[in-house]
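# Next input, structure requested:
(chains A and B)
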2 protein chains.
Amino acid sequence: MGTTEDSFNDKDHVEQAPDIAAADPARRNFLQGALAASAASLGALGASSLAHAQTELKRSTISHYYVPATDKTVHWGYFSKNLKPLVELESGDFVTIETLTHHANDDAERMVKGDPGAESVFFWDKTRKGVDRRGAGPMDASLFGRGAGEGLGVHICTGPVAVKGAKPGDIIEVRILDVKPRPSANPKYSGKSFGSNAAAWWGYHYNDMIEEPKPREVITIYEVDTSSERDWARALYNFRWTPQTDPFGVVHKIIDYPGVPVDHSKVKENWDVLKNVRVPIRPHFGTMGLAPAEADMVDSIPPSYTGGNIDDWRIGKGATIYYPVSVAGGLLSVGDPHASQGDSELCGTAIECSLTGTFQLILHKQADLKGGVLEKLNYPLLETKDEFVVHGFSFPNYLAELGAKAQSEIYSKSSIDLAMRDAFRKMRNFLMTTQSLNEDEAVSILSVAVDFGVTQVVDGNWGVHAIVKKSLFAGGSA
Amino acid sequence: MGTTEDSFNDKDHVEQAPDIAAADPARRNFLQGALAASAASLGALGASSLAHAQTELKRSTISHYYVPATDKTVHWGYFSKNLKPLVELESGDFVTIETLTHHANDDAERMVKGDPGAESVFFWDKTRKGVDRRGAGPMDASLFGRGAGEGLGVHICTGPVAVKGAKPGDIIEVRILDVKPRPSANPKYSGKSFGSNAAAWWGYHYNDMIEEPKPREVITIYEVDTSSERDWARALYNFRWTPQTDPFGVVHKIIDYPGVPVDHSKVKENWDVLKNVRVPIRPHFGTMGLAPAEADMVDSIPPSYTGGNIDDWRIGKGATIYYPVSVAGGLLSVGDPHASQGDSELCGTAIECSLTGTFQLILHKQADLKGGVLEKLNYPLLETKDEFVVHGFSFPNYLAELGAKAQSEIYSKSSIDLAMRDAFRKMRNFLMTTQSLNEDEAVSILSVAVDFGVTQVVDGNWGVHAIVKKSLFAGGSA
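Model (predicted):
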């Protein structure tokens, strides 16, 4: 990514009005800044290992869009092919996207107060919510009475961003150029960032506790370095969830609806927590992906073939991810920002911490993929500096596989064993197609050089990833 | 481990007759070399992160034993508390142990020929085998007719080595000071080492193939660097298994008995394989552990609480592993040497390659463990330079849990999901006991900083490991 960033900061770049495609004038004012790159510097952008599959870029300017997170730019708890794109950019353009953690109201003092974007999103009084729908459920909360959308899907997603000309069968490559924690806007916490880790009812540990009271939900608030001078976070305090009454009067006995403001007079803060423990940070986006074609409203929790809530901490700065396009424009949305997460996301969440990312989007047209390594890619493929990472799920495309009730049934049908099977098949396919190996060769490599890990066991559609080092293929051209 | 090796090479060390405990004179001649260390240098040996739990060493000399691999020093395919120890060493002593891969006869020219130890072990003519029993099954092969021991357990294990004074409830710490590939003894291949990767019927892929003929078993022979100047292996050729008739006349249609000599006139060698692919090597011992008390003869394949066939590639040079002692003396055996393996060991084996390891064994008496980090440790705990690794299994102690038929039932009851549950519980326990965390603190760390991976899905008792970085606890003393 070094070359990309270098050209991005090139002094030859000039500011330019952004190529705003969004027709809605109300959405125009959050698109700020622009950048043009000379055609000469474009060559450097193709320095990916999959470069030979790349669509050649012929334009001479590149735009840089800025999408802040506000009540007007986020959709909460769902992906949808019916969302109007905020930006329609051209392949090769840059976009900086602010993302907000849906756990910010666990400590609004530190994560919402004084921040106009976060305040607009989390606004909630007796009569109105800044963002009413939270989840893919019914707007009238007729299912569980929790609130609009029912919390069937929880992630605040910023977007969508469309790529001009993207059609089903194409691939959108997303290069993550930078990821930065969002500083607290409260002057009391100037220069600091914060995150929340919720050990919640959907966690893997929840029905398997050893200390009383059982079960219980616990929120731990972490302080995250914003200066980039340290690479670790520290726990500040924790508290056990107690029934919280939201401004509409609904009581939430458990964490069943995102963005409920926690009344800190109703919980007991314990500041004697994780003393002397430093958590190495791995800033990344838990949820990033394209809109799937299979349904109009899709719960943001289960990941699928177009990405979404993969929850792989490797999806951070310097990484590139390739998504199969399912609907026109692709419709990229980004959310669920994490300061750190371990493989498995065991208790249900990471250190959920608002982040801002800068991305470059490259469109690979289906016609250009023929015979290349991205041909027929039907899952989200991650590339880091040293590795390729394939993402397996219990159900690779659960919306198509599980029928009309897919969005509820996925929560009872997942297992790590199913995800392992899928990861094995995908990595075998990856090795056979990208390295021109036969099955016998691929299977040997799978056993002696590929590492399988547990991505997450908390997102409905459980995940196993398979990692292969690029250095395996350093021996020469195939 | 650096300090240990420094003292090991100290010029003050003088050669000394080994303190041979094995009464059997026939076994005495393979115990070579000895080493004495001054009491002054002993301090350096305790530089482990778990040092405060260590038994203080009071002796002024340390012995170094050498155990070659021969037909007299190996037991093939099983652990047993009834095996007479080859060596009874004192806590703090060193031992160098040769290990042989049970796949050496896949290419005897490269991995057996000219090597007196390997030739004695693999010897097999019409009337006699160098090592008759291979596996924990009946000696008369009345079960399947494959051969003595029936191949119910396949690993050539060198040992056992006893630690004087070790009793159930104690912990034996094994420090892996060095691991070296065994050079081919065939002058044609001077300076080279070789390994075999078998994609076999017990592999995860076996009933899920895409190319014909299905199913099939495939052996890939790798060349492994012996000079330590390169850190990768290369495939030489592969072949598909064809029915092989052993010297006793039994036909092996599949790889159902270890050490069957492959007749290369009966297979088709394919030398156009994995061109330009380099496999980074990770030399380690797939099988290392103590004898369990639960049964007299224990199949070497399923790992359990005393270790055994864990198949974690991190069990290599520089690593330390702590085993709970189940029987008097502990009875450490080492085998299943691997040049490289990925997490999952997907096709059934690694690059199976004979290795020689040098170890230091430290006994921690139960009485000294009280209140320390190793108290009540009931699973194999791995420590590397930067990490602690906890090993979960589908059944943490399958011999005790599955009753009289445990050794057959384990093969049909395993799942990654069960192993994940066990790894979660063990890592929670590890964090709570070693870092004095309460459950809420431990669960948060489990989710934001612990990585869960798939150790293996091919060893009967499947494995998931959990890794926590030591740097988490760098904040100060607890």
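# Please count neighbours and contacts with C-alpha atoms only from this point.
OK.
# Just the element for A:T356, please.
Applying DSSP states H and E as the criterion places A:T356 in strand A:355-364.
# Check whether stretch A:285-294 comes near chain B.
No. Counting by CA under 8 Å from any CA of the partner chain, chain B is not contacted by stretch A:285-294; separation bottoms out at 12.4 Å.
# CA atoms only for that stretch, dumped as PDB, please.
Extracted C-alpha coordinates of stretch A:285-294, given in PDB (Å, rounded to 0.1, in the frame of the first residue of the first chain):
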ATOM      1  CA  PHE A 285     -13.800  -2.700  10.400                       C
ATOM      2  CA  GLY A 286     -16.000  -5.500  11.700                       C
ATOM      3  CA  THR A 287     -18.600  -4.900   9.100                       C
ATOM      4  CA  MET A 288     -17.800  -3.900   5.500                       C
ATOM      5  CA  GLY A 289     -19.400  -5.200   2.400                       C
ATOM      6  CA  LEU A 290     -21.700  -4.800  -0.500                       C
ATOM      7  CA  ALA A 291     -25.500  -5.100  -0.700                       C
ATOM      8  CA  PRO A 292     -26.700  -8.600  -1.500                       C
ATOM      9  CA  ALA A 293     -29.400  -9.100  -4.200                       C
ATOM     10  CA  GLU A 294     -31.300 -11.900  -2.300                       C
END
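# Okay, now the unreliable bits of chain A?
For chain A, the stretches flagged by pLDDT under 70 are A:1-60, A:228, A:475-478.
# Can you pull up the most central residue in it?
Nearest residue to the geometric centre of chain A (CA atoms, centre = their mean): A:T287, 2.1 Å.
# now the helix or strand that one falls within, how far from the chain's geometric center?
Assessed by DSSP H and E, A:T287 sits inside strand A:284-289. For strand A:284-289, the separation from the chain centroid amounts to 1 Å (computed by CA atoms, centre = their mean, to the nearest Å).
# ok, the following helix or strand past it: who's next to it in the sheet?
On the C-terminal side of strand A:284-289, the closest following helix or strand by DSSP H and E is strand A:298-299. In the sheet, strand A:298-299 lines up against strand A:78-79 (antiparallel) (DSSP bridges).
# what does the strand it pairs with rub up against?
Here strand A:78-79 makes contact (CA atoms under 8 Å, 6 or more residues apart in numbering or on different chains) with A:134-136, A:153-155, A:157, A:290-292, A:297-300, A:333.
# Now list the buried members of those.
A:134-136, A:153-155, A:157, A:290-292, A:297-300, A:333 (16 or more other CA atoms under 10 Å in any protein chain shown).
# From chain B, how far off is the nearest residue to A:G145 once chain neighbours are set aside?
Closest residue in space to A:G145, ignoring its immediate chain neighbours: A:V250 at 7.9 Å, by CA to CA, 6 or more residues apart in numbering or on different chains. Look at A:V250 and chain B: by CA to the nearest CA, to the nearest Å, they are 27 Å apart.
# Kindly report the same for A:P213.
A:P213 sits 11 Å away from chain B, going by CA to the nearest CA.
# Can you say which helix or strand has A:F430 in it?
helix A:416-434.
# Repeat that for A:Y204.
For A:Y204, there is no helix or strand it lies in under DSSP H and E.
# Who are the contact partners of it?
A:Y204 touches A:L346, A:C347, A:G348, A:V457, A:V458, counting by CA under 8 Å, 6+ apart.
# Give me the subset of those residues that also touch chain B.
Within these, those near chain B by CA under 8 Å from any CA are A:L346, A:C347, A:G348.
# how much space between the closest residue to the last one other than its chain neighbours and A:V218?
By the measure of CA to CA, 6+ apart, the closest residue to A:G348 outside its immediate chain neighbours is A:G203, 4.1 Å from it. A:G203 sits 11 Å away from A:V218 when distances are taken as CA to CA, to the nearest Å.
# interface residues of the stretch 301-450 of chain A facing chain B?
Within reach of chain B by CA under 8 Å from any CA, the stretch 301-450 of chain A has these residues: A:340-351, A:415-417, A:437, A:439-441, A:443-450.
# Among the residues you listed, which lie within strands?
Counting by DSSP state E, these place A:S340, A:I351, A:V450 in strands.
# how about those residues in JSON lines, adding neighbour count?
Putting those into JSON lines (neighbours: other CA atoms under 10 Å in any protein chain shown) gives the following:
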{"residue": "A:S340", "neighbour count": "28"}
{"residue": "A:I351", "neighbour count": "35"}
{"residue": "A:V450", "neighbour count": "25"}
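# Which of the residues you listed sits closest to chain B?
A:V450 (4.8 Å; CA to the nearest CA).
# need the contact list for the closest one.
Contacts of A:V450 by CA under 8 Å, 6+ apart are A:A466, A:I467, A:V468, A:K469, B:Q341, B:G342, B:D343.
# May I ask which of those residues has the most neighbours?
Neighbour counts for the contacts of A:V450 (other CA atoms under 10 Å in any protein chain shown) peak at B:Q341, which has 34 neighbours.
# The closest residue in space to that one that isn't next to it in sequence: what's it in contact with?
The spatial neighbour of B:Q341 that comes closest, neighbours along the chain excluded (CA to CA, 6+ apart), is A:V448 at 4.0 Å. Contacts for A:V448 (CA under 8 Å, 6+ apart) come out as B:N197, B:V279, B:S340, B:Q341, B:G342, B:E345, B:T349, B:A350, B:I351.
# Distance to B:F395 for those residues - can I get that in JSON lines?
Compiled in JSON lines, the contacts of A:V448 are given as follows (distance: CA to CA, whole Å):
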{"residue": "B:N197", "distance to B:F395": "27"}
{"residue": "B:V279", "distance to B:F395": "32"}
{"residue": "B:S340", "distance to B:F395": "26"}
{"residue": "B:Q341", "distance to B:F395": "23"}
{"residue": "B:G342", "distance to B:F395": "22"}
{"residue": "B:E345", "distance to B:F395": "19"}
{"residue": "B:T349", "distance to B:F395": "21"}
{"residue": "B:A350", "distance to B:F395": "23"}
{"residue": "B:I351", "distance to B:F395": "26"}
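# tell me which of those residues is nearest to A:E375?
Checking the contacts of A:V448 against A:E375 by CA to CA gives B:V279 as the nearest, at 25.6 Å.
# Report the beta-bridge partners for the closest one.
Under the criterion used (DSSP bridges), B:V279 bridges to B:A233.
# Next up, the contacts around it.
Listed by CA under 8 Å, 6+ apart, the contact set of B:V279 reads A:I445, A:V448, A:A449, A:L472, B:W232, B:A233, B:R234, B:S340.
# The fifth one contacts B:P283, correct?
No. The pair B:W232 and B:P283 fails to qualify as a contact (CA atoms under 8 Å) at a distance of 10.3 Å.
# And the two? Which one has more around it.
Higher neighbour count among B:W232 and B:P283: B:P283, with 29 against 19, using other CA under 10 Å.
# all helices in the stretch 1-150 of chain A, in order from the N-terminus.
Taking DSSP state H, counting those that start in this stretch as the criterion, the stretch 1-150 of chain A carries its helices at A:2-8, A:108-111, A:116-122.
# Which parts of the last one count as buried, going by neighbours?
Just to be clear, that refers to helix A:116-122. Buried residues in helix A:116-122 (16+ other CA under 10 Å): A:G117, A:A118, A:E119, A:S120, A:V121, A:F122.
# Can you name the residue of the stretch 151-300 of chain A nearest to chain B?
For the stretch 151-300 of chain A, CA to the nearest CA, closest residue to chain B: A:N276, 4.1 Å.
# what number of residues lie near that residue?
When neighbours are counted by other CA under 10 Å, A:N276 comes out with 16.
# With A:P68 instead?
23.
# Contacts only, for the closest residue to it other than its chain neighbours.
Distance criterion CA to CA, 6+ apart; nearest residue to A:P68, sequence neighbours excluded, is A:E98 at 4.9 Å. Residues near A:E98 by CA under 8 Å, 6+ apart: A:V67, A:P68, A:A69, A:T158, A:S354, A:L355, A:T356, A:G357.
# Looking at those, which is nearest A:N238?
The nearest member of the contacts of A:E98 to A:N238, counting by CA to CA, is A:S354 at 18.8 Å.
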